[in-house]
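Participant: need the 3D shape of this:
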Amino acid sequence: MQACNPNCLHARVDPKCNCSYGLHAQSRPFQVGVCRSNPPSLAEVHSSNVASSSGRSLSAKEKLSLLDKAKERRLEALSQDGLTPYRSGAPGIVDVRLYQSAVESQKRMSAKLAEANAHVSYLERRIEEANKDLQDAAAFLKKVSMEFGTTSRLVESTAAAVRFGVDKEDAVAKLVKLCERLETLEASLQAQRTAFAKRVPKRVPVAWVGVASEVRLMGDFDGWTRGFELSAASIDSDGVIRTFEADLPLLPGRYKVKFQVDGGWRLASDWPTENDELGETNSILVVQ
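Facilitator: Residues are numbered from 1 along each chain as shown. A predicted model of the protein is given here:
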C-alpha cells in the first residue's frame with residue numbers, strides 16, 4: 001500500500017488499521033492520512049461533514065429528514081425557474097397532460113364500444129325473433145295447405161252427391177261439415193293474422209320543436225342504445241326554433257322514451273310520463 005501523500009519521506013503501514021503514517025517534507029512535521037481503496041460516495045461525504053460539524057453521527061431518521069429537505073429545496077428551485085418536473089421531454093417522466101388525454105380517450109372509446117355491443121345484442125335478439133316468426137309462419141302455412149287439401153276433397157264429394165242425387169241427407173251433412181271446416185279455417189287465419197300484425201313495424205311520426213343542432217329519440221325499444229335521429233330543415237343562423245321530425249319504424253307496444261337534445265335529456269311536453277324502478281322520469285309512447 002502507498003503512503004497517503006507522495007511527499008512523505010518516511011511511510012509505514014499499520015497492518016491493523018490499514019493506515020500509513022508519514023513525515024511530510026513540505027508541511028507540518030507529522031500528518032496522518034487515511035488511504036482507501038475506493039473513493040467515498042456523495043452521501044458519505046455529506047453525512048461525514050454533518051457529523052463532523054455536529055460532533056456526532058446521524059441516525060437513519062435524521063438522514064431521511066435531510067433527504068426530504070433536499071428534495072423540497074429542489075422542487076422549490078424548479079418552480080422558481082419556471083420549470084416543472086412533469087414537463088414534456090424530461091427523461092423518465094410522463095407528460096401528465098398527455099396521460100390524462102389518453103385516459104379520457106380510452107374512457108370515450110370504452111363507452112362507445114359498450115354502446116355498440118349493446119346495440120349488436122339488440123340486433124341479434126331481433127334476428128332471433130324474426131327467425132322464430134318465419135318458422136311459425138312456415139309451420140302454419142303447412143297446416144293451412146293440409147287443411148285446404150282436406151276441404152277440397154270434401155267439396156268434390158259434396159258436389160258429386162248433389163249432382164247425381166245419390167243421397168240428399170248425406171249431401172246436406174257434407175255441406176254442413178264443409179261450412180264448419182271453412183269457419184274454423186277462417187278463425188285460425190284471422191288469429192294468425194293478428195299475431196303476425198304485432199310483429200310488423202309501423203311508421204310512427206315523431207316531432208320535437210326547439211332550439212338545437214342534434215335531436216335523437218332514445219328509448220327501451222332498442223335497449224337505450226342507438227335510438228332514432230330526427231332531422232330538420234337546414235337553417236344557417238343560430239338560436240332559431242326548428243322542428244325536428246322523423247317517421248320511426250316501431251312495433252306495436254308501449255315504450256319508455258326520452259329526447260336527447262345536444263347531449264342532454266328532455267321529456268316530451270305533451271306525452272304522458274312515468275317513473276321507472278330507479279326513479280327516472282320517462283315519456284310514454286304507445287304504438288297501436
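Participant: which residues in the stretch 151-288 of the chain form strands?
Facilitator: Along the stretch 151-288 of the chain, the segments classed as strands by DSSP state E, counting those that start in this stretch run 202-210, 215-219, 228-230, 242-250, 253-261, 264-266, 273-275, 281-287.
Participant: can you lay out the ones you listed as JSON lines showing mean pLDDT, mean neighbour count and distance to S110?
Facilitator: No exception for glycine: its C-beta is placed from N, CA and C like everyone else's. Supplementary listing: those in JSON lines, determined by pLDDT from 0 to 100; neighbours: other Cβ atoms under 10 Å; distance: least, Cβ to Cβ, whole Å:
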{"stretch": "strand 202-210", "mean pLDDT": "92", "mean neighbour count": "14", "distance to S110": "30"}
{"stretch": "strand 215-219", "mean pLDDT": "94", "mean neighbour count": "22", "distance to S110": "20"}
{"stretch": "strand 228-230", "mean pLDDT": "92", "mean neighbour count": "17", "distance to S110": "23"}
{"stretch": "strand 242-250", "mean pLDDT": "91", "mean neighbour count": "16", "distance to S110": "29"}
{"stretch": "strand 253-261", "mean pLDDT": "94", "mean neighbour count": "18", "distance to S110": "20"}
{"stretch": "strand 264-266", "mean pLDDT": "94", "mean neighbour count": "12", "distance to S110": "21"}
{"stretch": "strand 273-275", "mean pLDDT": "93", "mean neighbour count": "11", "distance to S110": "29"}
{"stretch": "strand 281-287", "mean pLDDT": "94", "mean neighbour count": "16", "distance to S110": "26"}
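Participant: in the stretch 1-150 of the chain, which ranges drop under the pLDDT threshold?
Facilitator: Along the stretch 1-150 of the chain, segments meeting pLDDT under 70 span 1-56, 78-94.
Participant: can you do 50?
Facilitator: Across the stretch 1-150 of the chain, residues meeting the criterion (pLDDT under 50) sit at 1-43, 45, 47, 50-53, 88-92.
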